[in-house]
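Chemist: Mind folding the following:
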Amino acid sequence: MEAKAIGRYLRISPLKLRKVINQIRDKSVKEAFFILKNLPNKAAKMAYKVLNSAVANYKQLSGEATLDLNEIKVKIAFVNQAPVLRRIMPRARGRADVLRKQSSHLFILVEKK
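Modeler: Numbering: from 1, shown residues only. Reported below is the predicted structural model:
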């Protein structure tokens, strides 16, 4: 049994999000929750929400009343680039710089060990 969750258009750079996702890949869900709860950055909070959604989807699909988080593992987790918002910042002598506000798509798939 597998269940997935996708977080789309997350307002964070894919590189920053990948650093967090690489730490939870192929770990049990309980261990992944512990890691994400104790990391102090924005990416960990976003990944926590998507992982929580994947676990809820798994619980819904399996129909089990109680769920042991040690028996479920993060099978696949990856981050893709989402559209980049381009903004203009005024500079000296009438020039302008382009600010690239990146966003990400996060995909998490959980399965029973």
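
Chemist: what comes up buried for the longest helix seen in the chain?
Modeler: Looking across the chain with DSSP state H, the single longest helix is helix 42-62. Within helix 42-62, the residues scored as buried using 16 or more other Cβ atoms under 10 Å are A43, A44, M46, A47, Y48, V50, L51, S53, A54, V55, N57, Y58. Where C-beta positions appear, they are placed from N, C-alpha and C, glycine not excepted.

Chemist: could you give the mean pLDDT of stretch 92-107?
Modeler: Average pLDDT, stretch 92-107: 97.

Chemist: How about it, which residues are buried there?
Modeler: Residues Q102, S103, S104, H105, L106, F107 are the ones in stretch 92-107 that count as buried (16+ other Cβ under 10 Å).

Chemist: Check the buried residues of helix 42-62 and tell me the two furthest apart.
Modeler: Largest separation among those by Cβ to Cβ: A43 and Y58, giving 22.4 Å.

Chemist: thinking A32 is in contact with K75, fair?
Modeler: No - in this structure, A32 is not within contact of K75 by Cβ atoms under 8 Å, at 11.4 Å.

Chemist: okay, the two: which has more neighbours?
Modeler: A32 (27 against 17; other Cβ atoms under 10 Å).
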